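*Asks:* need coordinates for the below:
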Amino acid sequence: MSDQGEVPSFEDVTDERFRFLLSNATKWMAIAKEDFERANTETERCDAASRLVRWTLSAAAQAIGPEAMRLVYGTPVVSDRKVALLRAWHRLLIVEDLFECLDREDDLASFKSLRNELLAIANDDAPRLFDRVEGGGKGTRRDSYRLAHLRLRALGWETYLRANGLAASKAQRHVSDAYGRTWEAIRGWRQICSDLLFAENVERFLKAAADGSDPHYSVKADEHGLAEAIIGDGRALLDEERINAG
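*Replies:* From the prediction side, this is the model:
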């Protein structure tokens, strides 16, 4: 029996909020385009191009509207892994069109390869692309890659709140309360994240959280659902820690 979860409600999403989201995405899209045109190095061009594509897609999503986006994206899948694999296959099929001129089946990192792998696993084939990397561990290490990403979110929230005018002590208390940890413990995650994700990537992530160019943070800028968003990230970390401990 498939477990697809509840259909999300959009009753609390007002026209005013959607105008804000569209305006915000359009603003950052224009900034990213200017950054791309002014970039001097290949690294700067790649970073700006990535932001440009992400914000253009964000603006398009807001312009399309929540109902059509919900119908295409589908309902949440909470426990049925086969349904989840097939749903992910369908979602990748939708976004694959963006890179249709570049996507190749012999490219292991292509959307086509990812979709083929998902469909194969859903039909009981052994994983290939998603199998553990040779030379790695047994896949059960503490302070894992997944944990590092979720912990980095907490550091991003503190950076975001300070960048939006909240005093450091208040920003840290908000994050600490949402995650159920002392700020000293959360602050110590930065080194763990840097070790696993590389310091330059952590710096880039926190900069994007601060200046609003990361959609995960910027779309909460109107305070609607801000506390819930931080608490939600805290719960996601707690869930992953329980899995990791098991």
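*Asks:* can you pull the domain assignment for this structure?
*Replies:* 15-122, 145-245 (automatic domain parsing).
*Asks:* among the ones you listed, which is the most enclosed?
*Replies:* Mean neighbour counts were compared across the domains of the chain using mean count of other CB atoms under 10 Å; the top stretch is domain 145-245, at a mean of 17. The C-beta positions use only the backbone N, C-alpha and C, and glycine is treated the same way.
*Asks:* re earlier: can I get the domains of the chain in JSON lines with distance to residue 133 and mean pLDDT?
*Replies:* Output for these, formatted as JSON lines (distance: least, CB to CB, whole Å; pLDDT from 0 to 100):
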{"stretch": "domain 15-122", "distance to residue 133": "12", "mean pLDDT": "87"}
{"stretch": "domain 145-245", "distance to residue 133": "11", "mean pLDDT": "89"}
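*Asks:* what about the most centrally placed residue in the chain, which helix or strand?
*Replies:* The chain has residue 216 as the residue nearest its centroid, 6.5 Å off, counting by CA atoms, centre = their mean. Following DSSP states H and E, one finds residue 216 within helix 215-218.
*Asks:* CA atoms of that helix as PDB?
*Replies:* The C-alpha coordinates for helix 215-218 follow below in PDB (Å, rounded to 0.1, in the frame of the first residue of the first chain):
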ATOM      1  CA  PRO A 215      16.300  30.600  -2.000                       C
ATOM      2  CA  HIS A 216      16.000  28.400   1.200                       C
ATOM      3  CA  TYR A 217      16.500  31.600   3.300                       C
ATOM      4  CA  SER A 218      15.400  34.400   1.100                       C
END
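*Asks:* tell me how far that helix lies from the chain's centre.
*Replies:* On the basis of CA atoms, centre = their mean, to the nearest Å, helix 215-218 sits 9 Å off its chain's mean C-alpha point.
*Asks:* can you list the neighbours in contact with the helix or strand just after that helix?
*Replies:* Next along the chain after helix 215-218, taking DSSP H and E as the criterion, comes helix 226-245. When contacts are defined by CB atoms under 8 Å, 6 or more residues apart in numbering, helix 226-245 is touched by residues 142, 144, 146-147, 150-151, 153-154, 157, 174-175, 178-180, 220.
*Asks:* hmm, try it at 6 Å
*Replies:* By CB atoms under 6 Å, 6 or more residues apart in numbering, the list of residues contacting helix 226-245 from outside reads 144, 146-147, 150, 153, 157, 178-179, 220.
*Asks:* ok so, going back, and the gap between the residue nearest to the centre of the chain and residue 134?
*Replies:* Computed with CB to CB, to the nearest Å, the distance linking residue 216 and residue 134 is 32 Å.
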